[in-house]
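# give me the fold of what follows.
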Amino acid sequence: MKKRRVMSLLAAALMVCSISACGKQESASTKASQTEESKAEESKTDESKTEAASQPGKEAGGTVKIMTANTGGKDEAEMKLFAEALSQATGLTVEFEKPASDYDKVLMQKLSGGETYDLIYITASQYANLVAQGALMDITDRVNGSEILTGNVDAAEWKDITIDGKIYAGFNKKEIHRVVALNNTLLKKAGIDYKKIEPTMDGYYDVMKKLKDSSQDPDFYPFDSILSETYDLQPWMAAAGLKNGVVLDDSGKRFAPYSEDGAAPVWEWFKKLYDDGLLDPSSFVDKTKDMRAKMGASSQKTALTVDWAAWVGLHNANAKAGGISPEDFEIVSLPGLKTPDGSYMLVKGSASLFAVPANAKNPDGAMKVLEYFATQEGGNLLSTGILGYDYTGSDGKFELTETGAQHGNDHGAPFPIYKDFKPIFGFNPGVEEALSYSSYATIDRIIPNEADYKEIVGKWGIKIIKGEVSTQEGLSGMRKELVDRKVTDR
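This is a model prediction of the structure:
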């Protein structure tokens, strides 16, 4: 494929979707202080797999140019150190470009201007668009021929990003799921044991009512939800047994469960929470960073949210770094409302990927980087960071530096893709409990127009909750607009 044609395809595809990630760039600056000794020492098997990262493609060398949104250092100086560490580990010369903001816009401009990359960071919806445009390289045979990529990464992960039997990218990190996060300190003050909360709409309503009644702060609202981001709704829509996103019916037609009449009771529950002063009115306009600020130890203006499992731990780690004890602030987690069949439903994050453009100059080097990311050593770099800078030590005895503590064990992958990864310093407080609900989590079907889906469902859902339209009118309007904008078929 000619260079100009590839650039046009990439730019066109990038124009119809945007970059986002789990906790995403906001988690990069969080402070965490964990200086305990390592909980896990790499086994000989792990070491051999790590060392093998540079073996499958011995001919791979030269320069690998990477465009990244999240992975790497926290500033320009550390980005250079990160690139040097990755270069030394792989035997390549790795060059990173990491825009300070507007990643998707900058990437589009770069590609439209004729720049080439060996790896580009993309999300799942963008991945689908680029594959459809023919702008990515088919690396299926390379993946299947790699003992590291097939042995160190769960087969289910590859299945999730396989399109028509082919693979066009490797992984930036392992995606986790969203849970219901609760301020246990405020719950205790209200006389609530979070482990005894009844997982029904009435049960959670009673919890929120008690939290509201026990607070003297007029600006306190028990529940905050980013209603324009439909990920926040899954633990609650589980009460009706409804899956987030777009699914296929028995005849193969696309539809959005949240727009169906069966979702009405849950939308009406949200309206009741709003009418009774339990749902923060800012839920209609808040962004994720606003919600997290209210949930944090320094604010505590809300007590119940839905967020990534990692953020349960980051809230606790931030408080610890600020000298706040668990007695004064602790975030815990639950899986939400029970489904009609007695289970739960959570959303697992769609894959964040490093794809190989069709015009990559060094695909062999790109594969070598992807292999390294799928090892224990690569996971250490992607999470804790740079040995000698973010942490020090040897032989399984390590300690975070002051800088490393501030970075919260996240340099793009708080949960690396290596299936047997053992975090050097363990997980942040509360994360293991949140991860225990993983069996209830599934990914959404990858669609190229995910942004349209979120906009439409969020807009009409807010109208229902505010009482601007009846529930039936809102659901009917939601379905019609989804069809009109070709997100669904019915």
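# per-residue pLDDT, residue 28?
Looking at residue 28, its pLDDT is 35.
# excluding its backbone neighbours, what's nearest residue 268?
residue 471 (5.7 Å; Cβ to Cβ, 6 or more residues apart in numbering). From N, CA and C alone the C-beta is placed, and that goes for glycine too.
# where does that neighbour land on pLDDT?
98.
# got the phi and psi for it?
phi -60, psi -50 (degrees, to the nearest 10).
# so how many other residues sit close to it?
Residue 471: 18 surrounding residues under other Cβ atoms under 10 Å.
# which stretches of the stretch 51-200 of the chain have low pLDDT?
Scanning the stretch 51-200 of the chain for pLDDT under 70 picks out the ranges 51-59.
# and residue 72, how many neighbours?
Neighbour tally, residue 72, other Cβ under 10 Å: 26.
# my guess is the residue nearest to residue 268 contacts residue 461, does it?
No. Checked against Cβ atoms under 8 Å, the pair residue 471 and residue 461 is beyond contact range at 10.1 Å.
# show me where the stretch 301-450 of the chain has its helices.
Assigned by DSSP state H, counting those that start in this stretch, the stretch 301-450 of the chain shows helices spanning 309-321, 363-373, 376-383, 402-406, 431-435, 450-466.
# can you list the ones you listed in a markdown table and add mean neighbour count?
A markdown table is the format used below for the helices of the stretch 301-450 of the chain (neighbours: other Cβ atoms under 10 Å):
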| stretch | mean neighbour count |
| --- | --- |
| helix 309-321 | 25 |
| helix 363-373 | 26 |
| helix 376-383 | 24 |
| helix 402-406 | 17 |
| helix 431-435 | 20 |
| helix 450-466 | 21 |
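# helix, strand or coil for residue 71?
Under DSSP: H, G, I helix; E, B strand; the rest coil, residue 71 falls in the coil class.
# state the distance from it to residue 353.
According to Cβ to Cβ, to the nearest Å, residue 71 stands 11 Å off from residue 353.
# overlap in contacts of these two?
Common neighbours of residue 71 and residue 353, using Cβ atoms under 8 Å, 6 or more residues apart in numbering, are 121, 172.
# name the element residue 472 belongs to?
Using DSSP states H and E, residue 472 falls within helix 471-484.
# ok, the residue nearest to residue 268 - contacts?
Listed by Cβ under 8 Å, 6+ apart, the contact partners of residue 471 are 264, 267, 268, 271, 464.
# now the first one: closest residue in space that isn't a chain neighbour?
Spelled out, that is residue 264. Counting by Cβ to Cβ, 6+ apart, the residue nearest residue 264 is residue 471, at 4.9 Å.
# how about residue 183, phi and psi?
According to degrees, to the nearest 10, residue 183 has phi -80, psi 100.
# mind jotting down where the strands sit in the stretch 301-450 of the chain?
Using DSSP state E, counting those that start in this stretch, the strands found in the stretch 301-450 of the chain span residues 304-308, 331-334, 346-348, 352-355, 391-394, 397-400, 441-443.
# and of the helices of the stretch 301-450 of the chain, who's closest to residue 139?
When the helices of the stretch 301-450 of the chain are compared by Cβ to Cβ, helix 363-373 sits nearest residue 139, at 6.9 Å.
# tabulate the CA atom coordinates of that closest one in CSV.
Taking C-alpha atoms only, helix 363-373 is exported to CSV below (Å, rounded to 0.1, in the frame of the first residue of the first chain):
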residue,chain,number,x,y,z
PRO,A,363,7.4,-4.3,12.1
ASP,A,364,9.9,-6.9,13.4
GLY,A,365,11.1,-4.3,16.0
ALA,A,366,7.5,-3.5,16.8
MET,A,367,6.7,-7.1,17.5
LYS,A,368,9.8,-7.3,19.8
VAL,A,369,8.4,-4.4,21.9
LEU,A,370,5.0,-6.1,22.1
GLU,A,371,6.7,-9.3,23.3
TYR,A,372,8.6,-7.4,25.9
PHE,A,373,5.4,-5.8,27.2
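# which non-adjacent residue is nearest residue 149?
residue 143 (5.0 Å).
# now do the same contact list for that neighbour.
Residue 143 neighbours (Cβ under 8 Å, 6+ apart): 149, 150, 158, 167, 170.
# need those in JSON lines (columns: secondary structure).
Shown next, in JSON lines, are the contacts of residue 143 (three-state DSSP):
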{"residue": "149", "secondary structure": "helix"}
{"residue": "150", "secondary structure": "helix"}
{"residue": "158", "secondary structure": "helix"}
{"residue": "167", "secondary structure": "coil"}
{"residue": "170", "secondary structure": "strand"}
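# by neighbours, which of those residues wins?
In terms of neighbours by other Cβ under 10 Å, the contacts of residue 143 top out with residue 170 at 28 neighbours.
# check contacts around it.
Contacts of residue 170 were listed using Cβ under 8 Å, 6+ apart, and they are 139, 143, 149, 353, 354, 367, 370, 373, 374.
# the fourth one reaches residue 125, doesn't it?
If I follow you right, that is residue 353. No. Assessed by Cβ under 8 Å, residue 353 is found out of contact with residue 125, at 10.9 Å.
# between the two, which is the more surrounded one?
residue 353 (25 against 22).
# so residue 125 makes contact with residue 447?
Yes. Between residue 125 and residue 447 a contact is recorded at 6.5 Å, counting by Cβ under 8 Å.
# can you pull the contacts of the spatially closest residue to residue 352 that is not a sequence neighbour?
Of all residues not flanking residue 352 in the chain, residue 172 sits nearest, at 4.5 Å (Cβ to Cβ, 6+ apart). By Cβ under 8 Å, 6+ apart, the residues touching residue 172 are 70, 71, 121, 352, 353, 354, 373, 382, 412, 413, 417.
# how about the residues you listed in JSON lines, adding distance to residue 249?
Listed next are the contacts of residue 172 as JSON lines, based on distance: Cβ to Cβ, whole Å:
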{"residue": "70", "distance to residue 249": "36"}
{"residue": "71", "distance to residue 249": "38"}
{"residue": "121", "distance to residue 249": "34"}
{"residue": "352", "distance to residue 249": "29"}
{"residue": "353", "distance to residue 249": "29"}
{"residue": "354", "distance to residue 249": "34"}
{"residue": "373", "distance to residue 249": "38"}
{"residue": "382", "distance to residue 249": "39"}
{"residue": "412", "distance to residue 249": "38"}
{"residue": "413", "distance to residue 249": "36"}
{"residue": "417", "distance to residue 249": "33"}
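# end to end, how far does stretch 131-151 reach?
25 Å (Cα to Cα, to the nearest Å).
# show me which residues of that stretch are buried.
Buried positions in stretch 131-151, judged by neighbour count with 16 or more other Cβ atoms under 10 Å: 131, 133, 135, 136, 137, 138, 139, 142, 143, 146, 148, 149.
# ok, which pair from those is furthest apart?
For those, the farthest-apart pair by Cβ to Cβ is 133 and 148; their separation is 29.0 Å.
# so the closest residue in space to residue 201 that isn't next to it in sequence is in which element?
In space, and not counting its chain neighbours, residue 201 is closest to residue 269: 4.7 Å by Cβ to Cβ, 6+ apart. Here residue 269, judged by DSSP H and E, is contained in helix 264-275.
# which SSE is immediately downstream of that helix?
Note on helix 264-275: by DSSP H and E, the next helix or strand toward the C-terminus is helix 288-295.
# run the chain-centre distance for that following helix.
Its chain's C-alpha centre and that of helix 288-295 lie 16 Å apart, by Cα atoms, centre = their mean, to the nearest Å.
# what's the angle from it to helix 309-321?
Using axes from the mean of the first three to the mean of the last three Cα atoms, to 10 degrees, the inter-axis angle of helix 288-295 relative to helix 309-321 is 50 degrees.
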